[in-house]
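**Student:** need coordinates for the following:
(chains A and B)
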Amino acid sequence: MAINLSKGQKIDLTKSNPGLSKIKVGLGWDTNKYDGGKDFDLDVSVFLTNANGKVDKESNFIFFNNKQNENGSVVHAGDNRTGEGDGDDEVIDVDLKSIPADVDKVAFTITIYDAESRSQNFGQVSRSYVRIVNEVNNEELIRFDLGEDFSVETGVVVGELYRHGAEWKFNAIGAGYKDGLAGLTRDYGLQ
Amino acid sequence: MAGINLVKGQKIDLTKGNAGLSNVIVGLGWDPAEPARGFFGMKKQANVDCDASALLLSENGKLINKTNLVCFHNKQNPNNSVVHSGDNLTGDGDGDDEQIKVNLKEIPADVHKVLVVVNIYDAVNRKQDFGMIKSAYIRIINAAGNSELVRFNLTDNYTGFTALICGELYRHGGEWKFAAVGEGSHAAHINQLAERYI
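**Tutor:** The predicted structure follows:
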């Protein structure tokens, strides 16, 4: 049974699940509360950072225009998702054992595409969550519901996988960003 | 105390920061936009009749009975905790054009959300939309002392929309919060809007 995390909580992933390597990170949300008249396009982006929390090269920034890192250990499934585990809007496949040694953290973010001109923000988004599924048996390992802390933000750092000694852990972050993907890429050292 | 100005999407605690708060007034205001001037002077324009309503929704966001739609043809819910203070036909003048009184402590336990909307009466026949309205706002007033707690000015361009979802009071844990929504809707009538929540 999945463990429900609360904001700020950190949990061992590989230690309590020996042999775990291939995981699916599913992110979901609801945006259909009102018929605001404009499409609501949320995007998941993943930042692979070094020990200093910075992205060394553009190929370590995984988003709709760059769907995987160089060795294919982190892959944005985009629209090719299987439909398994209904509810996920976007899924990232991660092979923990194959993540390059110079990557210390895998940070998952959700941003609103074209938020400013469409006058949208996370105040209109509800029931957002991230969950980690063991790809081998489809068992849901952990789940983090983001709650309703967000409002004027247009980007959210949902959580991050990070190395801890020889293991991988997950940190439920839930931090909002007011300037969307641009702000995130800047803070992760890409601009 | 001056009210807090909210921006679209913002959520704010009402009862947590105002211990004892129970009776609030939801004030809604709007003005007709300046009519286009014809070559021979002012062009006469029909009144835009905006109506405020409150939809009392369950935890699942549903309108569980007709009496939970508080509007000009049903001015209060069964236990009088949400009361519409009356229809204003023109929107002329300063201040609130319509008000809805809410007693937060008395709201039935099965109501989790009070969605406050404004729609244009007879919008389709009169060919009217919210592009003809300006300076729309929703504000929450503490009925004890009449101080304004929060205000949300709806500044988006709502041309083409016939209804505005202004904001919502909602339960969060044991408290009440307010969310500034500011979304347009194409519902032509309040009953049509309400049908979405059935």
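**Student:** can you give me the strands in chain B?
**Tutor:** Applying DSSP state E to chain B gives strands spanning B:4-6, B:11-13, B:23-32, B:37-38, B:41-42, B:50-57, B:69-70, B:82-84, B:98-103, B:113-120, B:133-142, B:147-154, B:163-172, B:175-185.
**Student:** count the residues that sit near the closest residue to chain B within chain A.
**Tutor:** Chain B sits closest to A:Gly123 of chain A, with a gap of 2.4 Å, by C-beta to the nearest C-beta. Just so you know, the C-beta spots here come from the backbone N, C-alpha and C atoms, and that holds for glycine as well. Neighbourhood size, A:Gly123 [other C-beta atoms under 10 Å in any protein chain shown]: 21.
**Student:** can you name the residues that contact it?
**Tutor:** If you count contacts by C-beta atoms under 8 Å, 6 or more residues apart in numbering or on different chains, A:Gly123 has them with A:150-152, B:8-11, B:179-181.
**Student:** quickly list what the most centrally placed residue in chain A is bridged to.
**Tutor:** For chain A, the residue nearest the mean C-alpha position is A:Phe108 (2.4 Å; C-alpha atoms, centre = their mean). With DSSP bridges applied, A:Phe108 shows beta-bridge pairing to A:Val46, A:Gly159.
**Student:** that one reaches A:Tyr162, doesn't it?
**Tutor:** No - contact between A:Phe108 and A:Tyr162 fails when scored by C-beta atoms under 8 Å: they sit 11.5 Å apart.
**Student:** only whichever of the contacts of A:Gly123 are buried, select them in ChimeraX.
**Tutor:** Buried residues among those (16 or more other C-beta atoms under 10 Å in any protein chain shown), as a ChimeraX selection:
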select /A:150,151,152 /B:8,9,10,11,179,180,181
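**Student:** as a markdown table, the contacts of A:Gly123 with pLDDT and distance to A:Asp95 would be great.
**Tutor:** Output for the contacts of A:Gly123, formatted as a markdown table (pLDDT from 0 to 100; distance: C-beta to C-beta, whole Å):
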| residue | pLDDT | distance to A:Asp95 |
| --- | --- | --- |
| A:Phe150 | 88 | 30 |
| A:Ser151 | 87 | 36 |
| A:Val152 | 89 | 36 |
| B:Lys8 | 92 | 41 |
| B:Gly9 | 90 | 37 |
| B:Gln10 | 92 | 40 |
| B:Lys11 | 92 | 38 |
| B:Ala179 | 95 | 40 |
| B:Ala180 | 95 | 43 |
| B:Val181 | 93 | 42 |
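**Student:** grab the nearest non-local neighbour of the closest residue to chain A within chain B.
**Tutor:** Here chain B gets closest to chain A at one residue, B:Gly9, 2.4 Å apart by C-beta to the nearest C-beta. For B:Gly9, ignoring the flanking residues on the chain, the nearest one in space by C-beta to C-beta, 6 or more residues apart in numbering or on different chains is A:Gly123 at 2.4 Å.
**Student:** can you check A:Val130 too?
**Tutor:** Spatial nearest neighbour of A:Val130, excluding adjacent residues (C-beta to C-beta, 6+ apart): A:Val158 at 4.6 Å.
**Student:** go on, B:Val70?
**Tutor:** Using C-beta to C-beta, 6+ apart and skipping residues adjacent in sequence, the residue nearest B:Val70 is B:Ala54, 4.4 Å away.
**Student:** just confirm B:Lys16 contacts B:Phe178, I think it does.
**Tutor:** No - applying C-beta under 8 Å, one finds B:Lys16 not in contact with B:Phe178, separated by 11.3 Å.
**Student:** ok, those two, which is more surrounded?
**Tutor:** Shown here are B:Lys16 and B:Phe178; by other C-beta under 10 Å, B:Phe178 has more neighbours (27 against 14).
**Student:** three-state assignment of A:Val130?
**Tutor:** strand (DSSP: H, G, I helix; E, B strand; the rest coil).
**Student:** count the residues that sit near A:Arg127.
**Tutor:** As a measure of burial, A:Arg127 has 14 neighbours, counting by other C-beta under 10 Å.
**Student:** how far away is it from A:Arg163?
**Tutor:** Applying C-beta to C-beta, to the nearest Å, the value for A:Arg127 to A:Arg163 is 30 Å.
**Student:** please apply the same query to A:Asp114.
**Tutor:** 35 Å.
**Student:** what is the longest helix of chain B by residue count?
**Tutor:** The single longest helix within chain B, with elements called by DSSP state H, is helix B:190-195.
**Student:** looking at the contacts of A:Gly123, which one is closest to A:Asn138?
**Tutor:** A:Phe150 (29.1 Å; C-beta to C-beta).
**Student:** next up, the contacts around the residue nearest to A:Val130.
**Tutor:** Going by C-beta under 8 Å, 6+ apart, A:Val158 touches A:27, A:108-110, A:128, A:130, A:144, A:146, A:173-174.
**Student:** okay, and for chain B, where does confidence drop off?
**Tutor:** Applying pLDDT under 70 to chain B flags residues B:1-2, B:35-46, B:87, B:89-94.
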